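Asks: 3D, please:
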Amino acid sequence: MRGKLNSLKRSFLSAGIIVLSLFVIAAVNSACQKPVAEEQAETAETDKITMIEEGLNTLEGTVKFVHGPFLYVPEIVGFDVVLPSGVDGSGLEGQAVRLEGEFKRENPSILMANRIDIREGEGSYRSFFVKSGEEQAPPFFNQHDRESYPVLKLTTAAASEAWEGKERGRVFGKLETQTAVEAGGQKEMFAISISDDKGKPVGKILVDTISDYAAYSKKKLRLFDSFWFYLNIKNTVEAKTRARTKDLFHADVVFTGLY
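Replies: Next comes the predicted model:
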């Protein structure tokens, strides 16, 4: 009887070892396959990104929106397509295009359009624009200049030393519309609402102008309520008015971004 029990125990033990071995083998295979799958996914994602080289590049995509001379083509990742001054690109919105653009390393993220054709069918294109060589590039924000716009540490409306004496700066905030009363009636104006780290309102920066490139970059950030504003700082609001309204100073917005 005891022999039969020992034999039965040995059988259960052997079966347990076999099952455990199968689990170990399955786990090893899964671990080996995961990096391969991840690598394949990363490769597939990389293949979707259009590689831009210095000099002339011929690319295709669909123009999602246009603001002034700036075109947003999602297929051209990380780049803004720029038309020469005076060229109206509004008719390109929603169009599938083939374009020839020039990239220079001193202007990162900018692709200057030399030629644009609108796709009209399979392999069929209609010329929209060809650069003659005399056109001038419109003003835009050079990404190399980001560090020349230091972060303004705004804490209270009274602490004007945070911005006075500075020509440039950047702040994290939310663009709001407000109405100002003037001699000719009411005028819609923009202001950047600033809060501290705890979410407590600090004040507002009065926006005198927003450049075409800043308005274009803001349009790309449509899914975000708050982001960074790059400013050319102008005059400070008078102290008594500042204490009452929390309006800090006037500024021109030259660029907006997530950092």
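
Asks: rest of the way, CA atoms for contacts and neighbours
Replies: Will do.

Asks: just how off-centre is the helix or strand where K219 lies within its chain?
Replies: K219 is located in helix 212-220, with elements delineated by DSSP states H and E. Centre-to-centre, helix 212-220 and its host chain are 10 Å apart (CA atoms, centre = their mean, to the nearest Å).

Asks: just the C-alpha atoms of the helix or strand just after that helix, please, in CSV.
Replies: Moving toward the C-terminus from helix 212-220, the next helix or strand (DSSP H and E) is strand 227-236. The C-alpha atoms that make up strand 227-236 are tabulated as CSV, following Å, rounded to 0.1, in the frame of the first residue of the first chain:
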residue,chain,number,x,y,z
PHE,A,227,0.7,77.0,-23.4
TRP,A,228,3.9,79.1,-23.6
PHE,A,229,3.7,82.6,-25.1
TYR,A,230,6.9,84.2,-26.4
LEU,A,231,6.7,88.0,-25.9
ASN,A,232,8.3,91.2,-27.0
ILE,A,233,7.7,93.2,-23.8
LYS,A,234,6.4,96.8,-24.1
ASN,A,235,5.1,99.4,-21.6
THR,A,236,4.0,98.6,-18.0
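
Asks: who does strand 227-236 touch, helix- and strand-wise?
Replies: Judged by 3 or more CA pairs under 8 Å, 6 or more residues apart in numbering; DSSP states H and E, the packing partners of strand 227-236 are strand 168-182, strand 247-257.

Asks: how far off centre is the following helix or strand past that strand?
Replies: Scanning forward in sequence from strand 227-236 by DSSP H and E, the next helix or strand is helix 239-245. Centroid separation between helix 239-245 and its chain, computed with CA atoms, centre = their mean, is 35 Å.

Asks: please apply the same query to stretch 237-250.
Replies: 32 Å.

Asks: first-to-last residue distance for it?
Replies: 7 Å (CA to CA, to the nearest Å).

Asks: contacting residues around that stretch?
Replies: Contact partners of stretch 237-250, identified using CA atoms under 8 Å, 6 or more residues apart in numbering, comprise 157-158, 160, 202-208, 233-236.

Asks: sec struct for E135, please.
Replies: Counting by DSSP: H, G, I helix; E, B strand; the rest coil, the backbone at E135 sits in coil.

Asks: not counting sequence-adjacent ones, nearest residue to it?
Replies: Distance criterion CA to CA, 6 or more residues apart in numbering; nearest residue to E135, sequence neighbours excluded, is P84 at 5.7 Å.

Asks: in terms of pLDDT, where does the one you found sit?
Replies: Confidence at P84, expressed as pLDDT, is 92.

Asks: comparing the helices and strands packed on strand 227-236, which yields the minimum mean pLDDT?
Replies: strand 168-182 (a mean of 89).

Asks: now the angle from it to strand 247-257?
Replies: Interaxial angle, strand 168-182 versus strand 247-257 (axes from the mean of the first three to the mean of the last three CA atoms, to 10 degrees): 120 degrees.

Asks: tell me what strand 168-182 is packed against?
Replies: Looks like strand 168-182 contacts strand 185-195, strand 227-236 (3+ CA pairs under 8 Å, 6+ apart).

Asks: buried ones in the shortest one, by neighbour count?
Replies: For strand 227-236, the buried set under the neighbour-count rule, 16 or more other CA atoms under 10 Å, comprises 227-234, 236.

Asks: make CSV out of the residues you listed and add pLDDT and distance to P69.
Replies: Output for the buried residues of strand 227-236, formatted as CSV (pLDDT from 0 to 100; distance: CA to CA, whole Å):
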residue, pLDDT, distance to P69
F227, 98, 23
W228, 98, 22
F229, 99, 21
Y230, 99, 20
L231, 98, 21
N232, 98, 22
I233, 98, 25
K234, 98, 26
T236, 97, 32
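
Asks: wait, which of those residues is closest to R146?
Replies: Y230 (8.2 Å; CA to CA).

Asks: need the contact list for the closest one.
Replies: 149, 168-171, 253-256.

Asks: run the last query once more with 6 Å
Replies: Listed by CA atoms under 6 Å, 6 or more residues apart in numbering, the contact partners of Y230 are 170, 253-255.

Asks: quick one: which of those has the most company?
Replies: Among those, the one with the most neighbours (other CA atoms under 10 Å) is F255, at 25 neighbours.
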